[in-house]
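Engineer: Task: produce atomic coordinates for the following.
(2 chains)
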Amino acid sequence: MRISLFIPCFVDQLYPNVAWSVVSVLEGLGHEVIFPEGQSCCGQPPFNSGYWDEARSSARVTMKAFRDADVVVGPSGSCVTMIKIFYPDLFKGEPDELEARELAAKTHEFSSFLVNVLGVTDVGAKFAGKVTFHDGCHGLRELGIKSEPRALLAKVKGLELVEMCEAETCCGFGGTFAVKYAPISTAMDEVKCASILETGAETVVSNDSSCLMQIRGMLEKEKSTVRSLHLAEILASK
Amino acid sequence: MATQSADFQTLSRRYTADKGFRAFIQKGMSGYYKKRDQNKSNFQDWQGARDLAAEIKYEAVNHLDKYLLEFEEKITARGAKVFWAQNAEAARDYILKVAKENNVRSIIKSKTMTSEEIHLNDALEKQGFGVFESDLGEYIVQLRKEAPFHLVFPAMHLTRRQISDLFQKELGSEATDEPEKLTMIARDVMRQKYCEADMGISGTNFAVAETGMISITENEGNARLTTSLPRIHVALLGIEKVLPKLEDLSLFLPMLATAGAGQTMTCYNTMYAGPRQPGEPDGPEQMHIVLLDNRRTELLADAEQRDSLGCIRCGACLNVCPIFKNVGGYSYGTTYGGPIGSVITPHLRGLKDWKHLSAASSLCGACTEACPVKIDLHHHLLQNRRNGAKASPSAAEKVAFGGFSLMMGHPALYRFAVIFGRVFQPLQSLVNGTILDPLRAWTGSRKFPTLAPQSFHQQWKKDRGGKK
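Structural biologist: Predicted coordinates:
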């Protein structure tokens, strides 16, 4: 299959290794991966802040970049939600509504694509250690992704998954919310990190780098030894 | 910045800084979660029940003109008087008029958030009426001169010790931390108040159009006494409380108990259909129904968010909301706190002053998932943000997002900004976390991520040689 990569802007800038991990897993399964270079940002920051005109102009760049794609895969429940769930709302009544709907239909979050589209759970990964999984809210509640990452992790050799009590509780990131309401965002982060530490896991894994940025930010500030990795990085480990 | 928004910032900062308080609220909720989940499993199909409830509420809210008139006709036929109050002032004036015309001296109340919405106690007390809350939690916060902390659990923020101290100070009782003893202290006071009161004011959980009845659900039996002992009963309700049929209660009563308090059914469920009828030995001589609009019709006119009128005030969305659990009920500054309050308050009290509540959310969606009548709560927060930005855009945000979309729309600008970012980052590290740090809102509590030496864009181009 010819798969077009959708790499969220902050993954592009901060976590290129996550993007390469996705490439490695998909190519390892025998698929052709292409990266349309015209992409920048899906438009979620202005959209979430209420500036829908500004969001549309950013979203149009994304739509143009993936116009010829057969299938689009991105390693972020949140940014994929923006395309899959919110583009149809954002472009409702606009001349390019149909194009927005077409892109929504062919775009998939990475773990969901592997399990539900390709029908794969074992990608031949090996990772020794105890991990806990954080469900990003957008992936969980907008896209209904819960079992997919767990099915994938279950097949990773050497990996032990320990569930945390607050797996489904928001980490407190929420985009601009994290700085506009920093004390609340921090309090939520504290609840999340305490729940991670309670499991005794050495690594926290998620399918959303934005949540991991928030979680990692606090763990590192508190000098915790718990590492954080994107699901793709685990699946690309051999 | 609007005062309400600044107050929210101040209060939420204060409450989130209090880790003991946050742990106390969190602990209080953990018991609720367990009981709620047990009771959800008593439903053959909880998701199916939610679908049905949403459907019934959709029908009712979209045909208020029909069901409210049917309700009025039926309950009036049994001797109740129905007053249509367009706003809070009209509702207060009517209740005051009834009290004065009937030489009322003392008033007892059972739990009604709608009366909080119209600031009824203040208005009655200013006119010299004694007003006593009979719900234990409400009585406690009334003694403390506070508003309810939570829609359903008004005094959940207080420890037994605090309640005991309050009773010692206000009622002269002995110190105790046994809930039963504390309840008995309040009960002794309350029994006297029931006998003295000549007016009882209640809320309403549901109004049934088909039979012309109101349904009140409670755990303490105080609403029964409030509505039946005094010679006048006034029931206050928002116009959205109407249900088409009596059988709808067979769904909504257990649903409200489950979502609201983790109970199979609340202890007392009563239907009231008018004052004392000829030949009946007891019950109030007069029954007044106050139907309150107070800008609910504006919400009704908003097709996107009309479903929020389906709210049964169970509080389930507050109980799961990570914002509520960390900032508590008083930070909101509204009658209705938590997610539902953040959605409807801008409609009921003005978008400009209350839009910040919709921004104060990570949009996690736990509220929408919990809502028994399937109100699309977190998406309504997004719509409020959009409406707020359109009605009164923030100059700073307009510039920021204008620049953002310009940059994201032009790959060359994006690349330039990225280079700028890599120059900026080492400079920021010099002032990291200090007052000079422009990223301080983040770096105060979290380490800021480091930009990769090369973006994925650059690496891909190098590695795959411009292959598209």
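
Engineer: residue closest to the middle of the chain?
Structural biologist: By default, I'm working from chain A. residue A:76 (1.7 Å; CA atoms, centre = their mean).

Engineer: not what I meant, chain B
Structural biologist: Closest-to-mean residue, chain B, CA atoms, centre = their mean: residue B:336 / 3.2 Å.

Engineer: so for the longest helix anywhere in chain A, what's the average pLDDT?
Structural biologist: The longest helix of chain A (DSSP state H) is helix A:182-199. Here helix A:182-199 scores 97 as its mean pLDDT.

Engineer: quick one: that helix to chain centroid distance?
Structural biologist: Its chain's C-alpha centre and that of helix A:182-199 lie 19 Å apart, by CA atoms, centre = their mean, to the nearest Å.

Engineer: Quick one: list the elements packing against it.
Structural biologist: For helix A:182-199, the packing partners by 3 or more CB pairs under 8 Å, 6 or more residues apart in numbering or on different chains; DSSP states H and E come out as strand A:126-134, helix A:177-180, helix A:209-221, helix B:3-17, helix B:19-40, helix B:322-327. In short, each C-beta sits where N, CA and C put it, glycine included.

Engineer: now the ones you listed in TSV, with distance to residue B:410 and mean neighbour count?
Structural biologist: Conversion of the helices and strands packed on helix A:182-199 to TSV gives the following (distance: least, CB to CB, whole Å; neighbours: other CB atoms under 10 Å in any protein chain shown):
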stretch	distance to residue B:410	mean neighbour count
strand A:126-134	35	18
helix A:177-180	25	20
helix A:209-221	24	23
helix B:3-17	34	17
helix B:19-40	44	14
helix B:322-327	36	26
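
Engineer: Let's have the ones you listed in TSV, adding distance to residue A:20.
Structural biologist: Listed next are the helices and strands packed on helix A:182-199 as TSV, based on distance: least, CB to CB, whole Å:
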stretch	distance to residue A:20
strand A:126-134	16
helix A:177-180	26
helix A:209-221	13
helix B:3-17	38
helix B:19-40	39
helix B:322-327	33
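
Engineer: Any idea which of the ones you listed gets closest to residue B:461?
Structural biologist: Closest of these to residue B:461 is helix A:209-221, at 21.1 Å (criterion: CB to CB).

Engineer: can you give me the strands for chain B?
Structural biologist: B:81-85, B:106-109, B:130-133, B:199-202, B:206-208, B:213-218, B:232-238, B:242-243, B:268-272, B:286-292 (DSSP state E).

Engineer: Look at the nearest residue in space to residue B:356 that is not next to it in sequence and report its pLDDT.
Structural biologist: Spatial nearest neighbour of residue B:356, chain neighbours left out: residue B:5 (3.9 Å); criterion: CB to CB, 6 or more residues apart in numbering or on different chains. You'll see residue B:5 listed with a pLDDT of 95.

Engineer: can you check the one 5 residues further on too?
Structural biologist: We have a pLDDT of 96 for residue B:10.

Engineer: Same check on the one 5 residues further on?
Structural biologist: The pLDDT attached to residue B:15 in the predicted structure is 97.

Engineer: Would you mind measuring from it to residue B:251?
Structural biologist: Relative to residue B:251, residue B:15 is positioned 36 Å away (CB to CB, to the nearest Å).

Engineer: Could you dump the strands of chain B into a markdown table and include mean neighbour count?
Structural biologist: Output for the strands of chain B, formatted as a markdown table (neighbours: other CB atoms under 10 Å in any protein chain shown):
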| stretch | mean neighbour count |
| --- | --- |
| strand B:81-85 | 18 |
| strand B:106-109 | 24 |
| strand B:130-133 | 20 |
| strand B:199-202 | 28 |
| strand B:206-208 | 25 |
| strand B:213-218 | 23 |
| strand B:232-238 | 25 |
| strand B:242-243 | 26 |
| strand B:268-272 | 17 |
| strand B:286-292 | 23 |
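
Engineer: who wins for proximity to residue A:28 among those?
Structural biologist: strand B:242-243 (57.0 Å).

Engineer: Please list the outside residues in contact with the closest one.
Structural biologist: B:56, B:60, B:64, B:67-68, B:71, B:206-209, B:249, B:252 (CB atoms under 8 Å, 6 or more residues apart in numbering or on different chains).

Engineer: Residue numbers of the stretch 1-150 of chain B in contact with chain A?
Structural biologist: B:9, B:12-13, B:16-17, B:19, B:22, B:26 (CB under 8 Å from any CB of the partner chain).

Engineer: let's see it at 7 Å
Structural biologist: B:12-13, B:16, B:22 (CB under 7 Å from any CB of the partner chain).

Engineer: Counting neighbours, what do you get for the residue of the stretch 151-300 of chain B found nearest chain A?
Structural biologist: Here the stretch 151-300 of chain B gets closest to chain A at one residue, residue B:157, 15.9 Å apart by CB to the nearest CB. Residues contacting residue B:157 under the criterion other CB atoms under 10 Å in any protein chain shown number 20.

Engineer: With residue A:95 instead?
Structural biologist: Neighbour number of residue A:95 under other CB under 10 Å is 7.

Engineer: any low-confidence regions in chain B?
Structural biologist: Residue ranges of chain B with pLDDT under 70: B:1-2, B:411, B:415-416, B:420, B:423-424, B:426-427, B:430, B:433, B:436, B:466-468.

Engineer: ok, and the closest non-adjacent residue to residue B:390?
Structural biologist: Spatially, and ignoring its direct neighbours in sequence, residue B:390 is nearest to residue A:50 (7.4 Å; CB to CB, 6+ apart).

Engineer: all helices of chain A, in order?
Structural biologist: A:9-14, A:16-28, A:44-49, A:52-65, A:77-81, A:87-90, A:97-106, A:110-112, A:137, A:147-154, A:177-180, A:182-199, A:209-221, A:231-235.

Engineer: can I get these in JSON lines with distance to residue B:236?
Structural biologist: Listed next are these as JSON lines, based on distance: least, CB to CB, whole Å:
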{"stretch": "helix A:9-14", "distance to residue B:236": "50"}
{"stretch": "helix A:16-28", "distance to residue B:236": "55"}
{"stretch": "helix A:44-49", "distance to residue B:236": "37"}
{"stretch": "helix A:52-65", "distance to residue B:236": "39"}
{"stretch": "helix A:77-81", "distance to residue B:236": "41"}
{"stretch": "helix A:87-90", "distance to residue B:236": "37"}
{"stretch": "helix A:97-106", "distance to residue B:236": "45"}
{"stretch": "helix A:110-112", "distance to residue B:236": "48"}
{"stretch": "helix A:137", "distance to residue B:236": "37"}
{"stretch": "helix A:147-154", "distance to residue B:236": "47"}
{"stretch": "helix A:177-180", "distance to residue B:236": "36"}
{"stretch": "helix A:182-199", "distance to residue B:236": "33"}
{"stretch": "helix A:209-221", "distance to residue B:236": "44"}
{"stretch": "helix A:231-235", "distance to residue B:236": "52"}
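
Engineer: Please name the nearest non-neighbouring residue to residue 115.
Structural biologist: With no chain named, the answer covers chain A. That would be residue A:148: by CB to CB, 6+ apart, it lies 4.2 Å from residue A:115.

Engineer: actually chain B
Structural biologist: residue B:236 (5.6 Å).

Engineer: ok, what's across the strand from that neighbour?
Structural biologist: Residue B:236 has these beta-bridge partners by DSSP bridges: residue B:290.

Engineer: thinking again about what came up before, show me the contacts for the residue nearest to residue A:115.
Structural biologist: For residue A:148, the contacting residues are A:111-112, A:115-116, by CB atoms under 7 Å, 6 or more residues apart in numbering or on different chains.

Engineer: wait, which of those is closest to chain B?
Structural biologist: Once CB to the nearest CB is applied, the member of the contacts of residue A:148 that ends up nearest chain B is residue A:112, at 17.0 Å.

Engineer: What is the most widely separated pair among the residues of the stretch 1-150 of chain B next to chain A?
Structural biologist: B:13 and B:22 (12.8 Å).

Engineer: residue ranges for the helices of the stretch 301-450 of chain B, please.
Structural biologist: Secondary structure of the stretch 301-450 of chain B by DSSP state H, counting those that start in this stretch: the helices cover B:316-320, B:322-327, B:338-349, B:351-354, B:356-359, B:366-370, B:377-391, B:395-409, B:411-430, B:440-443.
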